[in-house]
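Student: model this:
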Amino acid sequence: MIPALGLAVLVALPWMVADSFFLNAMILVFLFGTLASAWNLIGGYAGQLSFGHAVFFGLGAYTSTVLLSRHGVVPWVGGAVGAVLAAALSLAVGYPTFRLRRHFFALATLALGEIARITFLNWEYVGAAIGLYVPLQFRNRLSYLMWDAKPPYYLAALALGVLAVGVTAVVDRGRMGIYLRAINQDEDAARAVGLDTLRYKQWAMAVSAALTALAGTLYAQYVLYIDPYNVLTARISLLVVVIALIGGRGTVWGPVVGAAFIVLLSEYTRSTLGHLGQGYDYILFGLLIMLLALYEPRGAMGVVRRLRRRSPLPVAGAAKDRPPEAEAGPPTAEALLVARGMTKRFGGIVALDGVSLQVRRGEIVGVIGPNGAGKSTLFDCITGFQRPDAGTVEVGGLSLRHQPPHRIVHHGVVRTFQLLRIFPELTVRENLLVAQPHRAESPWAALRPSPREVEERAARWMRVVGLEGYRDVPAGELSYGQQKLLSLAMALMTGADVVLLDEPTAGVNPAVIQEVVACIRELNRGGQTFVVIEHNMEVIDALAHRVYFMADGRVLAEGTPQQVRQNPQVLEAYYGR
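Tutor: This next block holds a predicted model:
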């Protein structure tokens, strides 16, 4: 209701206010709000800090202007072509650069901006350093987006801003927003539960680039002249980033608030203080930004969040949805997961030396050994986080050789990590939704909320691990033991046939250890297959049907827990006797 009322006021504003300076400032607010909202998709939600969005802005401006001035193509078509070209360029550039993380990605996009600016400065077809003028004979025609008065530009910029905010709202309310925030917090953890992080980042980048190019088209029609210095400058990219950060990145309204604050402050401080001499307006402008950044680093929307009081955490978990006690049935003879001859070297260190392992359906297999034995490296190689130098992995007879982690999850093998890898800023429910099956999911389907059956499945796993009462609590506020249980629930949420648990009870108190052990046993009674790395032999005795003992990157013994414990090599390597 409030956004609709605010939009109605903004639509009526040009007929209530005739001040051309104010209308010009508002047009810039809408244009830069569009740019910041577009950047927010990739830089705010997905956490990929791009300093090269001026490339897409300039590409949109140049494409529509060249098509209009040289071929008479209306800007509606030219803008669409520019958006498509910008999206295509973002995909071409994003595929290699998305393999970089954080500041390396930011540096790569900054270099892209400089390459584009130098290219256009020397490209005669687009006017080189002289630039291009938009033909003036098409003024006051809607089809050419060109008018003598400011109100039509105001409405066009407002419409584009509404489009950008609408796209952001759809992303935020669907699965896509949760996925992108998860990628932002821990990309490897997202890959570990089956999320194709590269595909979702590319989608966000393409949509972001297309919206940015549309803003470039409208800007060119507004100023009627473009050159590399005013549409491809790094200043535009930096300003867009500052607007999103000041307003609050990763939120729907943050870029809008940031654009209103930054642009209006910049315009009015310059007009008010500009007569005092060059630089006074920038001093006040910078000071106000610093005060906001120091008070609330999460931006203006962070101030809003701070004012909202969250209800206290539950003091006890809900009753657990667990089956009655029963003896586990024997594992089947079917070999579900098979690793053969796994070898991995790191320089001169041999982490794995021809390790073979077989896991039957319905079995709990323990993997024990001293620190540095290669246990976690074995999990890394099985799940695609490390590429083995030799050896093969099969699940259900299907080879997983050279498959990325998310595809291995799709084929039925998921893992947890020795060091917890959850998404601390997402709620417990959202953590589980990130881990829903992704095998047949497209980015466009992810724009919708999770289906009802997925929500019900997430609720069931919360009940199973005793976290139902913490449904809307950020995962980072849970105790360490509860985070371990959440990590287990996320692995189970994927629906994988085999769950690899890396030290699931390490660092937790005895009461939680009993909870974890009871949960794993009961799930195994239902047919779930586990492979468990563990140092606590009491846990191994309580869970494992068979045990592999590893030392120095090799398997020294295999058998029941009792057989392995009595093996002379194990006694020598593990107990020193």
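
Student: Buried ones in stretch 99-113, by neighbour count?
Tutor: 105-106, 108-110, 112-113 (16 or more other Cβ atoms under 10 Å). C-betas here are computed from N, CA, C, even on glycine.

Student: Alpha carbons only: can I get it in PDB?
Tutor: These are the backbone C-alpha positions of stretch 99-113, laid out as PDB (Å, rounded to 0.1, in the frame of the first residue of the first chain):
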ATOM      1  CA  ARG A  99      36.400 -18.100 -11.100                       C
ATOM      2  CA  LEU A 100      38.100 -15.200  -9.300                       C
ATOM      3  CA  ARG A 101      37.000 -14.300  -5.700                       C
ATOM      4  CA  ARG A 102      36.300 -11.000  -4.000                       C
ATOM      5  CA  HIS A 103      39.000  -8.300  -4.700                       C
ATOM      6  CA  PHE A 104      40.500 -10.300  -7.600                       C
ATOM      7  CA  PHE A 105      37.100 -10.200  -9.300                       C
ATOM      8  CA  ALA A 106      36.800  -6.500  -8.500                       C
ATOM      9  CA  LEU A 107      40.200  -5.800 -10.100                       C
ATOM     10  CA  ALA A 108      39.300  -7.800 -13.200                       C
ATOM     11  CA  THR A 109      36.100  -5.700 -13.700                       C
ATOM     12  CA  LEU A 110      38.000  -2.500 -13.200                       C
ATOM     13  CA  ALA A 111      40.500  -3.600 -15.900                       C
ATOM     14  CA  LEU A 112      37.500  -4.400 -18.200                       C
ATOM     15  CA  GLY A 113      36.300  -0.800 -17.800                       C
END
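
Student: Could you list the low-pLDDT ranges of the chain?
Tutor: Along the chain, the model assigns pLDDT under 70 to residues 273-282, 284-285, 297, 306-333, 574-577.

Student: In it, spot the helix with the most residues.
Tutor: Ranked by residue count, the top helix of the chain under DSSP state H comes out as helix 197-223.

Student: Adjacent strands (with direction) for the helix or strand following that one?
Tutor: On the C-terminal side of helix 197-223, the nearest following helix or strand under DSSP states H and E is strand 225-226. On the basis of DSSP bridges, the sheet neighbours of strand 225-226 come out as strand 132-133 (antiparallel).

Student: need the strands for the protein, in chain order.
Tutor: Assigned by DSSP state E, the chain shows strands spanning 132-133, 225-226, 335-346, 349-360, 364-368, 390-395, 398-399, 413-415, 498-502, 529-533, 546-551, 554-559.

Student: Tell me which of those strands sits most buried.
Tutor: strand 413-415 (a mean of 27; mean count of other Cβ atoms under 10 Å).

Student: who's in contact with that strand?
Tutor: Contact with strand 413-415 is made by 192-194, 337, 379, 382-383, 395, 400, 491, 494, 496-502, as judged by Cβ atoms under 8 Å, 6 or more residues apart in numbering.

Student: Residue 250: which of the strands of the chain is closest?
Tutor: Distances from residue 250 to each of the strands of the chain were compared using Cβ to Cβ; the minimum, 26.9 Å, belongs to strand 413-415.

Student: That closest one pairs with which strands, parallel or anti?
Tutor: Each strand paired with strand 413-415, and its direction, by DSSP bridges: strand 498-502 (parallel).

Student: that older thread, mark which of the buried residues of stretch 99-113 are part of helices, please.
Tutor: With DSSP H as the criterion, helices contain 105-106, 108-110, 112-113 from among the buried residues of stretch 99-113.

Student: With distance to residue 221 as new columns, can the residues you listed be given to me in CSV?
Tutor: Output for these, formatted as CSV (distance: Cβ to Cβ, whole Å):
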residue, distance to residue 221
105, 32
106, 31
108, 31
109, 26
110, 28
112, 25
113, 23
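
Student: Contact partners for residue 49?
Tutor: Residues near residue 49 by Cβ under 8 Å, 6+ apart: 43, 102-103, 105-106, 109, 241.

Student: rerun at 7 Å
Tutor: Neighbour list for residue 49: 43, 105-106 [criterion: Cβ atoms under 7 Å, 6 or more residues apart in numbering].

Student: List the backbone torsions phi and psi for residue 567.
Tutor: As for residue 567, its main-chain torsions (degrees, to the nearest 10) stand at phi -70, psi 130.

Student: Which residues are in contact with it?
Tutor: When contacts are counted by Cβ under 7 Å, 6+ apart, residue 567 touches 549, 557.

Student: picking that back up, out of the buried residues of stretch 99-113, which one sits closest to residue 131?
Tutor: Looking at the buried residues of stretch 99-113 and their distance to residue 131, the nearest is residue 113, at 17.5 Å (Cβ to Cβ).

Student: so that closest one sits right up against residue 53, yeah?
Tutor: No: taking Cβ atoms under 7 Å as the contact criterion, residue 113 and residue 53 are not neighbours in contact, 8.1 Å apart.

Student: how about the contacts of residue 49 in a markdown table, adding distance to residue 61?
Tutor: Written out in a markdown table, the entries for those read as follows (distance: Cβ to Cβ, whole Å):
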| residue | distance to residue 61 |
| --- | --- |
| 43 | 21 |
| 105 | 25 |
| 106 | 23 |
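
Student: wait, which of the residues you listed is closest to residue 180?
Tutor: Of all the contacts of residue 49, the one sitting nearest residue 180 is residue 43; the distance, using Cβ to Cβ, is 10.5 Å.

Student: how many other residues sit next to the closest one?
Tutor: Residue 43 has 29 neighbours, counted by other Cβ atoms under 10 Å.

Student: Quick check: it vs residue 51, distance?
Tutor: In this structure, residue 43 and residue 51 are 9 Å apart, going by Cβ to Cβ, to the nearest Å.

Student: For the stretch 151-300 of the chain, which segments are assigned as helices?
Tutor: In the stretch 151-300 of the chain, the segments counted as helices under DSSP state H, counting those that start in this stretch are 175-185, 187-192, 197-223, 228-231, 234-247, 254-273, 280-295, 300-307.

Student: between those, which gets nearest to residue 519?
Tutor: Comparing the helices of the stretch 151-300 of the chain against residue 519 with Cβ to Cβ, the closest turns out to be helix 187-192 (19.5 Å).

Student: buried set for that closest one?
Tutor: Neighbour counts over helix 187-192 (16+ other Cβ under 10 Å) mark 187, 189-192 as buried.
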